[in-house]
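Asker: all I have is the shape, not the residue letters:
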C-alpha cells in the first residue's frame with residue numbers, strides 16, 4: 001500500500017520588523033528576514049514599520065529652467081526672512097511673492113547669518129544683506145599701527161584685511177610737526193583725516209603726497225596721544241583670497257567667534273580676526289590661514305566636533321585643529337589654531353556636504369563614513385556605514401552628492417540627481433527614494449524639509465501631501481528570497497495575511513515570486529475610512545473601526561524552495577504596512 005506524504009503544517013513566518021534596504025552582492029537569498037533588496041519610496045517608522053513616504057508641494061510656480069542655488073531662513077532685526085539664490089538673483093519670499101533684493105553670479109550660493117546680516121558666498125563674490133541694503137562686503141578697515149610719532153613707525157596693531165586696500169594709522173602729535181609719515185608709499189588715495197575726532201578738509205587743513213605717503217597739515221596739530229587718525233587706500237587688497245571660497249563654518253573659543261572659509265580648490269582655508277576686539281565677518285587678516293596636507297588635494301569640509309575642528313580633503317585625508325592661545329614677545333595674547341593629522345586614508349569628496357549628526361561627522365569618500373570619538377582625545381574611528389547600499393553608490397559620482405540631516409526624522413539624506421539614499425541613524429537602516437524633481441539644495445526650517453529644484457522652484461515635504469507636486473508617487477518593497485529555514489525542502493503556501501494601519505485612504509498591491517514561478521496574480525488590499533476630507537462614496541465599506549486591519553489572501557504557491565513577496569503602491573494615498581504572516585506547509589525534499 002502506497003504511503004501518501006501530507007505536507008506538515010508549521011507556525012506562520014511573521015515579519016513585523018522591517019529592516020530597510022540591503023543591496024547585498026551575495027544575492028537576496030542571504031538577507032535577514034525583514035531586509036529588502038529593493039525598497040523605493042518606503043521609509044521606516046520609529047518602530048520599524050513600513051510606510052510610504054510623504055509627498056511635497058511647491059511654494060511657488062517655476063521661475064524658469066534654472067537651478068535654485070541656495071536657501072536660507074532666519075531672523076534679521078526681529079523679522080524672519082526666506083531667501084534663495086536663483087537665476088543670478090537673491091530673492092526674498094514673502095506672502096507667496098518673490099522679490100529680488102540684489103543680483104550676483106548664478107552659482108552655488110552658501111548663506112550664513114552674523115551680527116544682523118546675512119552673508120553670501122558663491123566662489124567669486126562675497127555679499128551681504130541686512131534686510132534693506134544688498135551689497136558687496138567692503139571689509140573692515142584695520143588700524144595697522146598706533147602711537148605713531150610724526151616721522152612714522154608706530155606700534156603694530158591689526159593686520160591687513162584681505163578684503164580691502166584700506167588701512168588706518170593713528171599718530172601722537174608733538175605740537176610742532178606738520179608732516180606725518182604713513183606706513184605705505186605710492187598710495188591710491190587718502191580718504192579720511194581726523195584730528196581730535198574731527199574730520200579735516202583736504203587742501204584746506206592738509207595736503208597729501210601720494211608718492212611719499214606724507215600728510216602735511218597747514219597748522220601743527222596740538223599735543224595728544226593717538227589724536228590723529230588717518231585712513232588711506234593702496235590697491236584693492238586680495239579679495240579673491242576670500243571670495244574664491246564657497247563655504248564657511250563657525251569656530252573658536254567659547255563663543256565660536258571666528259568664521260572659517262574653505263572650498264577654493266586648494267588645501268588652504270582662512271579665518272577671521274577680531275575687528276577692534278569684536279568678532280566680525282568682514283575682517284580677514286592676511287596671515288589668518290592654514291594649509292593642510294598635500295597641495296595636490298583640496299579642503300572640502302570643516303566640521304566642529306566638541307572642541308575640535310575636523311578638516312577633510314578630497315585626497316582621503318583628515319586633520320584636527322583646536323583653539324589655542326600664546327603670548328608674543330610684547331606680552332600680547334595671540335590666538336592660534338594648530339592643525340594635526342588625523343587620518344590619511346579617508347576624507348570627503350563632496351564639497352561642503354559633511355554633516356554633524358548626533359555629534360559625529362558623516363563624510364563621503366568612496367562610500368559614507370561616520371567619525372566616532374574614542375577614549376583617546378584626538379583620535380577618531382571612521383566607520384563605514386554605507387555597506388548595505390554601496391553597490392548602487394558605486395555607480396555614482398559621489399562628489400556630486402548633496403546632503404542634509406533631517407533631524408526630526410532622524411534621517412541623513414544623500415542625493416544625486418533624483419535619487420535619495422536615506423540613512424535612518426536612529427534605526428541603523430537604509431532606504432531609497434526617487435523624486436519627480438531634481439534637488440539642487442536642501443534646507444530644514446522648523447523641522448520641515450525644503451529643497452530647491454533644477455526648475456526654479458522650492459518644494460516642501462508635507463505628510464499631508466500624497467504626491468510629488470501633483471505627480472503620483474510609486475512605491476515598491478521587495479522581500480528577499482526566503483527559504484523558511486529549509487532550503488532542501490519544498491513548500492506550499494495557500495494563504496497569507498497582511499496588516500495595514502487604518503488610513504482615510506490606503507491600498508497596496510501584492511505579488512509574489514518563487515524559484516518556480518516568476519509572476520503571480522495581483523492581490524489588492526484596500527482600507528478606506530469615512531472622513532469628509534477624503535470622501536468618495538464609491539469607496540464606502542463596512543469598515544468602521546480605526547484598528548489595524550489584517551487582510552487574508554488565498555494564493556497558490558506550490559513546490560517552491562524560495563519565496564519573495566512584493567508590495568507596490570502607485571496611488572495618491574497613504575500606506576503603512578504593520579506586519580506580514582506567511583504560513584507554509586513542508587513537502588518533500590528537493591531532488
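Answerer: Yes, it's here. None of these values were measured; they are calculated from a predicted model. Numbers count the residues shown, from 1 in each chain.

Asker: how far away is the residue most central in space within the chain from residue 444?
Answerer: By Cα atoms, centre = their mean, the chain has its centre lying nearest to residue 404, at 3.8 Å. Relative to residue 444, residue 404 is positioned 7 Å away (Cβ to Cβ, to the nearest Å). In short, each C-beta sits where N, CA and C put it, glycine included.

Asker: again with residue 391
Answerer: On the measure of Cβ to Cβ, residue 391 and residue 444 end up 29 Å apart.

Asker: give me the more crowded residue out of these two.
Answerer: Higher neighbour count among residue 391 and residue 444: residue 444, with 16 against 12, using other Cβ atoms under 10 Å.

Asker: which of the residues in the helix or strand that one falls within are buried?
Answerer: Assigned by DSSP states H and E, residue 444 belongs to strand 439-445. For strand 439-445, burial by neighbour count (16 or more other Cβ atoms under 10 Å) applies to 439-444.

Asker: show me what the helix or strand just after it is packed against.
Answerer: Following strand 439-445 in sequence order, the next helix or strand is strand 448-453 (DSSP H and E). Where contact means 3 or more Cβ pairs under 8 Å, 6 or more residues apart in numbering; DSSP states H and E, strand 448-453 is packed against strand 68-76, strand 439-445, strand 458-462.

Asker: list just the one of the ones you listed that sits closest to residue 249.
Answerer: strand 68-76 (15.1 Å; Cβ to Cβ).

Asker: and the contacts of that closest one?
Answerer: Strand 68-76 is contacted from outside by 80-86, 106-113, 116-118, 120, 122, 129-131, 440-443, 445, 450-454, 456-458, using Cβ atoms under 8 Å, 6 or more residues apart in numbering.

Asker: switch to 7 Å and redo it
Answerer: Contact with strand 68-76 is made by 80-86, 106-111, 113, 116, 118, 130-131, 440-441, 443, 445, 450, 452-453, 456-458, as judged by Cβ atoms under 7 Å, 6 or more residues apart in numbering.

Asker: repeat that for stretch 187-200.
Answerer: Applying Cβ under 7 Å, 6+ apart, the set of residues contacting stretch 187-200 is 165-166, 206, 208, 210, 213, 215, 221, 224, 227-235.

Asker: what's the span of it, first residue to last?
Answerer: 19 Å (Cα to Cα, to the nearest Å).

Asker: could you list the buried residues of that stretch?
Answerer: In stretch 187-200, counting by 16+ other Cβ under 10 Å, buried: 187, 190, 193, 195, 200.

Asker: and the two most separated of those?
Answerer: 187 and 195 (19.2 Å).

Asker: quick revisit: return the subset of the buried residues of stretch 187-200 lying in helices.
Answerer: Among the buried residues of stretch 187-200, no member is found in helices (DSSP state H).

Asker: how about residue 44, what does it touch?
Answerer: 18, 20, 50, 424, 427, 429, 431.

Asker: quick one: which of the residues you listed is nearest to residue 38?
Answerer: Nearest member of the contacts of residue 44 to residue 38, counting by Cβ to Cβ, is residue 431, at 10.1 Å.

Asker: ok now the one helix or strand the closest one maps to, how far from the chain's centre?
Answerer: Remark: residue 431 resides in strand 429-434, with elements defined by DSSP H and E. Mean-position distance between strand 429-434 and its chain equals 17 Å (Cα atoms, centre = their mean, to the nearest Å).

Asker: so what secondary structure elements neighbour it?
Answerer: strand 20-21, strand 38-40, strand 42-44, strand 419-424 (3 or more Cβ pairs under 7 Å, 6 or more residues apart in numbering; DSSP states H and E).

Asker: ok so, going back, now the contacts of stretch 187-200: which count as buried?
Answerer: Using 16+ other Cβ under 10 Å, the buried ones in the contacts of stretch 187-200 are 165-166, 206, 208, 210, 213, 215, 221, 227-234.

Asker: ok, residue 344 - how many residues close by?
Answerer: 12.

Asker: show me what contacts it?
Answerer: residue 317.

Asker: show the pLDDT at it.
Answerer: In this model, residue 344 is scored at 91, pLDDT.

Asker: show me what contacts residue 487?
Answerer: Here residue 487 is in contact with residue 561 (criterion: Cβ under 7 Å, 6+ apart).

Asker: for residue 515, see how far away it is.
Answerer: Residue 487 is 10 Å from residue 515, by Cβ to Cβ.

Asker: again with residue 364
Answerer: 38 Å.

Asker: which of these two has more neighbours?
Answerer: More crowded of residue 364 and residue 515, by other Cβ under 10 Å: residue 364, with 26 against 17.

Asker: which non-adjacent residue is nearest that one?
Answerer: Take residue 364 and drop its neighbours on the chain: the residue closest to it by Cβ to Cβ, 6 or more residues apart in numbering is residue 350, 4.6 Å away.

Asker: helix, strand, or coil at the residue nearest to residue 156 when sequence neighbours are not counted?
Answerer: Counting by Cβ to Cβ, 6+ apart, residue 156 lies nearest to residue 145, which is 6.1 Å off, once chain neighbours are set aside. Of the three states, residue 145 takes strand according to DSSP: H, G, I helix; E, B strand; the rest coil.

Asker: contacts only, for residue 104.
Answerer: 88, 90, 120, 122, 125, 127.

Asker: try residue 371
Answerer: For residue 371, the contact set (Cβ under 7 Å, 6+ apart) comprises 310, 360-361, 363, 380, 382.

Asker: whichever of these end up buried, select them in ChimeraX.
Answerer: Buried residues within those, by 16+ other Cβ under 10 Å, are selected in ChimeraX with:
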select :310,360,361,363,380,382
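
Asker: mind listing which of the contacts of residue 371 are in strands?
Answerer: Counting by DSSP state E, the part of the contacts of residue 371 found in strands is 310, 360-361, 363, 380, 382.

Asker: what is the nearest of these to residue 29?
Answerer: Scanning the ones in strands among the contacts of residue 371 for proximity to residue 29, where the rule is Cβ to Cβ, the winner is residue 382, at 31.1 Å.

Asker: the closest one and residue 369: what is the separation?
Answerer: 5 Å.

Asker: over to residue 86?
Answerer: 32 Å.

Asker: rewinding a little: and the buried residues of stretch 187-200 as JSON lines, adding pLDDT and distance to residue 325?
Answerer: JSON lines is the format used below for those (pLDDT from 0 to 100; distance: Cβ to Cβ, whole Å):
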{"residue": "187", "pLDDT": "98", "distance to residue 325": "35"}
{"residue": "190", "pLDDT": "98", "distance to residue 325": "36"}
{"residue": "193", "pLDDT": "98", "distance to residue 325": "36"}
{"residue": "195", "pLDDT": "98", "distance to residue 325": "36"}
{"residue": "200", "pLDDT": "98", "distance to residue 325": "39"}
